[in-house]
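Asker: Structure of the sequence below:
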Amino acid sequence: MGRQVQTTIRSAATFQGVGLHTGANVRMTVRPASANHGIWFRRTDVIGRDALVPAIWNAVTPSRLCTVLENSAGTTVSTVEHIMAALAGCGVHNALIEINGPEVPILDGSAQPFVAAFVGRGMQDVDEPVVCIEVLESVEVREGAAFARLEPAAALEIDFSIDFADQAIGQQHKRLLMANGSFVRELSDCRTFCRQADVDAMRASGLALGGTYENAVVVEGDRILSPGGFRRKDEAVRHKMLDALGDLALAGAPILGRYTGNRAGHAMTNKLLRALFARPDAFRFVECDANQRRNLPGAGVRTADIPAVA
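Answerer: A predicted model of the protein is given here:
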């Protein structure tokens, strides 16, 4: 069957837009990278200190609203979860992401614009094997009724449940095997969502400055305030699954295991990765064979898999 090799994108992809929380207008370019490079951000606006920020679990710094990476020099990049989900969902193992501001652009609030650009450019093989993280023992973190868990499975699965008082969202549950382009087909177009009361509170605290009804689905009780409403009836839980894939991608290698999240958020998924790596008996690194490679999230993705959005 031949060796299963890593991939990068064939050519650079550039995105321009505002950051959801900072409101800053930023330009971001995702560039191809060599084997074993992994995913790194480079702040092109940072002078006089280390501008390179690794996209890895132990570079995550505490944040309630999004995933923030920080290097030892204090350089940060925030709201990385959607671009990380797109890279993982398209099977990109190596990339250098140049950005001239502190926050990844939110674009339409989903990962679809990133996915469309990556799939449109295609993937380039690089001659090193794909190494995966095989979960061997169940690991779980809890905070009250919320929990996140990783347990053994042959390929990555995501099982997520949410429960919101607002009737426009309510209780939702979905489980997906993240193989053969299912992320691109089922999750990539699903957008950030929030309650109007949360938007008001965040803006009063100087956050969500770039948020609009066009880049997030805003609800209030049983009403959907964003024009056009949800793209899918269960878009909210699907977006949580998108976020989870992006946060799990910070493991530094594809995960072979089942992720279960109940009311879990960015911080909890990072705590779960930290708990996993604190347990050497709970995982091992394995070189993917042909069957495992076929079942990784980005394997076999086609342009036809990308959902059309209005």
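Asker: Show me what the worst-scoring helix or strand of the chain on mean pLDDT is packed against.
Answerer: Taking mean pLDDT, DSSP states H and E as the measure, the helix or strand of the chain with the lowest value is helix 196-204, at a mean of 82. Judged by 3 or more C-beta pairs under 8 Å, 6 or more residues apart in numbering; DSSP states H and E, the packing partners of helix 196-204 are strand 217-220. For the C-beta atoms, the positions are set from N, CA and C on the backbone; glycine is no exception.
Asker: Helix or strand next in line after the strand it packs on, which one?
Answerer: Note on strand 217-220: by DSSP states H and E, the next helix or strand toward the C-terminus is strand 223-224.
Asker: ok, back up a step: the least confident helix or strand of the chain: which residues count as buried?
Answerer: Residues of helix 196-204 classed as buried: 199, 202 (neighbour count, 16 or more other C-beta atoms under 10 Å).
Asker: quick one: that helix to chain centroid distance?
Answerer: Centroid separation for helix 196-204 versus its chain: 24 Å, with C-alpha atoms, centre = their mean, to the nearest Å.
Asker: so the residue nearest the centre of the chain is in which element?
Answerer: Centroid check for the chain by C-alpha atoms, centre = their mean gives residue 246 as the closest residue, at 1.8 Å. Assigned by DSSP H and E, residue 246 falls within helix 235-248.
Asker: returning to what we had before: please tell me how far the residue nearest to the centre of the chain sits from residue 57.
Answerer: 12 Å (C-beta to C-beta, to the nearest Å).
Asker: hey, C-alpha coordinates of the helix holding residue 246 in CSV?
Answerer: Output of helix 235-248 as CSV, limited to C-alpha atoms (Å, rounded to 0.1, in the frame of the first residue of the first chain):
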residue,chain,number,x,y,z
GLU,A,235,-26.1,24.3,13.7
ALA,A,236,-25.3,25.2,17.3
VAL,A,237,-24.1,21.7,18.3
ARG,A,238,-22.4,21.2,15.0
HIS,A,239,-20.4,24.4,15.6
LYS,A,240,-19.4,23.1,19.1
MET,A,241,-18.1,20.0,17.3
LEU,A,242,-16.2,22.2,14.9
ASP,A,243,-14.6,24.0,17.8
ALA,A,244,-13.7,20.7,19.5
LEU,A,245,-11.9,19.5,16.4
GLY,A,246,-9.9,22.7,16.2
ASP,A,247,-9.0,22.5,19.9
LEU,A,248,-8.1,18.8,19.6
